[in-house]
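> For reference, the sequence and a predicted model appear below.
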Amino acid sequence: GEDVEQSLFLSVREGDSSVINCTYTDSSSTYLYWYKQEPGAGLQLLTYIFSNMDMKQDQRLTVLLNKKDKHLSLRIADTQTGDSAIYFCAESEGGGADGLTFGKGTHLIIQP
Amino acid sequence: DTAVSQTPKYLVTQMGNDKSIKCEQNLGHDTMYWYKQDSKKFLKIMFSYNNKELIINETVPNRFSPKSPDKAHLNLHINSLELGDSAVYFCASSQGGNTDTQYFGPGTRLTVL
């Protein structure tokens, strides 16, 4: 079945770049997403990338996709304390009423 | 304007009770979903629904049933609540079609005592 894997924790210093990695197994994955969940809050869509793209940049966020290795990463430049959250990688085949398959989430911890 | 809203935000109830969680979206989306997030923060799809089909995750007990009175609403009914049903339940919606980007509600924290 479909599987999405992420490391559970990442600790970075404030001002450094954070790189959160994700791997997936479903070759049919058409869309890949990054969601952010702050403590006690819902899921905020950060960005998404189509499988025919290699990279997408949006302000401090850069998404890299290696389709051959089924590897997705999210880079957050100049990490701030407000970036402290759980980051979920998710995939879907798109085009229908399929739900998203989520990774277990990476807890991003910011050190002062 | 809240795009996807859920009520209640918190729900505390006894084992064996029947309860409902409401979800509304004002995005004009065609497809709505329910997800369950357990105590370890793991998120799993429970249902997806549009006017054509209901897709049920096979692991979801039949005590859970979605009800859609109209395109903007997908409510979650749970019968005979069990301790293991305690979790945060998220509603989401998407336009469907090629992009399928899903927007989530704020979640309902259900605690079964």
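Nice, thanks for sending it over.
> got any ranges where the chain has weak pLDDT?
Answering for chain A, as no chain was given. A:1-2, A:94-98 (pLDDT under 70).
> if you could check chain B rather than the one you did, that'd help
Ranges of chain B meeting pLDDT under 70: B:1-2, B:52, B:96-100.
> run the last query once more with 90
Scanning chain B for pLDDT under 90 picks out B:1-2, B:30-31, B:40-41, B:47-59, B:70-71, B:94-102.
> Mind jotting down where the strands sit in it?
Applying DSSP state E to chain B gives strands spanning B:4-7, B:10-13, B:19-25, B:31-37, B:43-49, B:54-56, B:64-67, B:75-78, B:87-94, B:103-104, B:108-112.
> What lies in contact with the fourth one?
The contact list for strand B:31-37, computed with CB atoms under 8 Å, 6 or more residues apart in numbering or on different chains, reads A:97, A:99, B:23, B:25, B:43-50, B:66, B:68, B:73-74, B:76, B:87-96, B:102, B:104, B:107. Every C-beta, even on glycine, is put in place using the N, C-alpha and C of the backbone.
> Drop anything exposed from these.
For those, a neighbour count by 16 or more other CB atoms under 10 Å in any protein chain shown gives the buried set as A:97, A:99, B:23, B:25, B:43-50, B:66, B:68, B:74, B:76, B:87-94, B:96, B:102, B:104, B:107.
> three-state assignment of the residue lying closest to B:F42 once chain neighbours are set aside?
Leaving out its chain neighbours, the residue that sits closest to B:F42 by CB to CB, 6 or more residues apart in numbering or on different chains is A:K104, at 5.6 Å. Secondary structure, DSSP: H, G, I helix; E, B strand; the rest coil: A:K104 is coil.
> can I assume A:K104 is in contact with B:D38?
No. Counting by CB atoms under 8 Å, A:K104 does not reach B:D38; the two are 10.4 Å apart.
> And those two? Which one has more around it.
Using other CB atoms under 10 Å in any protein chain shown as the criterion, A:K104 and B:D38 rank with A:K104 on top: 17 against 12.
> helix or strand for the residue in chain A that chain B sits nearest to, which one?
Proximity to chain B, evaluated over chain A using CB to the nearest CB, is greatest for A:G99 at 2.9 Å. Assessed by DSSP states H and E, A:G99 sits outside every helix and strand.
> Likewise for A:T62?
strand A:61-66.
> Distance from the chain centre to that strand, please.
Centroid separation between strand A:61-66 and its chain, computed with CA atoms, centre = their mean, to the nearest Å, is 9 Å.
> Packing partners of that strand?
Judged by 3 or more CB pairs under 8 Å, 6 or more residues apart in numbering or on different chains; DSSP states H and E, strand A:61-66 is in contact with strand A:31-37, strand A:43-50, strand A:55-58, strand A:71-76.
> Can you give me the buried ones in it?
For strand A:61-66, by 16+ other CB under 10 Å, it's A:62-65.
> Please name whichever of the strands of chain B is nearest to A:Q57.
strand B:103-104 (22.0 Å; CB to CB).
> Quick check: can you name the pairing partners of the closest one and their directions?
Its sheet considered, strand B:103-104 pairs with strand B:87-94 (antiparallel) by DSSP bridges.
> Name the surrounding residues that touch the partner strand.
Residues contacting strand B:87-94 (CB under 8 Å, 6+ apart): A:42-43, B:3-4, B:6, B:21, B:23, B:25, B:27, B:29-39, B:43, B:46, B:74, B:76, B:100-105, B:107-110.
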